[in-house]
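Chemist: Got a predicted structure plus its sequence, pasted below:
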Amino acid sequence: MNDSLPSAKSAHSPDERRKIQRVITERGLCGLANDTKWDEFIAGMRNQQDWCPRFRFKCVDGRPSSWDCEWCYHLPFPFISVEWFDIGFLQVRHQLPHRDRVLDHSPWIEEFLRRIGLDYQKGSTMIRTFGYSPKSLELLD
């Protein structure tokens, strides 16, 4: 992983992880992921050459984010806060004249998540990776 980019452990302040742990305890959540798995996930997505998947997430103490595709600095650091993380797996390639080609990236994303050991569920256009249980299916298509 590139040491100049934020990692799963990156936090804005020393107290941030403790505050998040307090919310996790208060909500009775059980961890399904860890910093090592999240770092492997982030590195794999950042290393994609031909396609940058869209993502959104929900932190344990917040609301769902909007969709984004900037994988370096727009991620929810530290990842201990991530309740769930969605990846849109369809890529639309615009071709002329007036023909779009839709590529389904779900097979390699699912294999990648299985190899890392992250728990996930596939929807019709997105894959949700779970940071905690109970698993929330809110907004999953």
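Modeler: That came through fine. Keep in mind that this is a model prediction, so the values were computed, not measured.
Chemist: any idea which element Asp39 lies in?
Modeler: Using DSSP states H and E, Asp39 falls within helix 35-46.
Chemist: can you state the direction angle for the next helix or strand after that helix and helix 35-46?
Modeler: Per DSSP H and E, the first helix or strand lying C-terminal to helix 35-46 is strand 55-59. Going by axes from the mean of the first three to the mean of the last three C-alpha atoms, to 10 degrees, strand 55-59 is angled at 160 degrees with respect to helix 35-46.
Chemist: Mind giving me the packing neighbours of the worst-scoring helix or strand of the chain on mean pLDDT?
Modeler: Every helix and strand of the chain was ranked by mean pLDDT, DSSP states H and E. The lowest is strand 90-95, at a mean of 82. Judged by 3 or more C-beta pairs under 8 Å, 6 or more residues apart in numbering; DSSP states H and E, the packing partners of strand 90-95 are strand 99-104. In short, each C-beta sits where N, CA and C put it, glycine included.
Chemist: what is Met126 paired to in the beta sheet?
Modeler: Gly88 (DSSP bridges).
Chemist: got a list of what it touches?
Modeler: 86-89, 140-141 (C-beta atoms under 8 Å, 6 or more residues apart in numbering).
Chemist: can you tell me how far Leu90 sits from Gln49?
Modeler: From Leu90 across to Gln49, the span is 18 Å (C-beta to C-beta, to the nearest Å).
Chemist: same deal with Asp68?
Modeler: Using C-beta to C-beta, we find Asp68 at a distance of 19 Å from Gln49.
Chemist: Give me the more crowded residue out of the two.
Modeler: Using other C-beta atoms under 10 Å as the criterion, Asp68 and Gln49 rank with Asp68 on top: 13 against 5.
Chemist: so the more buried one sits right up against Phe55, yeah?
Modeler: Yes - contact criterion C-beta atoms under 8 Å: Asp68 and Phe55 qualify, at 6.1 Å.
Chemist: do you know how far Ile24 is from Thr129?
Modeler: 17 Å.
Chemist: Please say which of the two ends up with more neighbours.
Modeler: Thr129 (23 against 19).
Chemist: and that one, what does it touch?
Modeler: 33, 41, 84-87, 113, 118-120.
Chemist: repeat that with 6 Å
Modeler: 85, 118, 120 (C-beta atoms under 6 Å, 6 or more residues apart in numbering).
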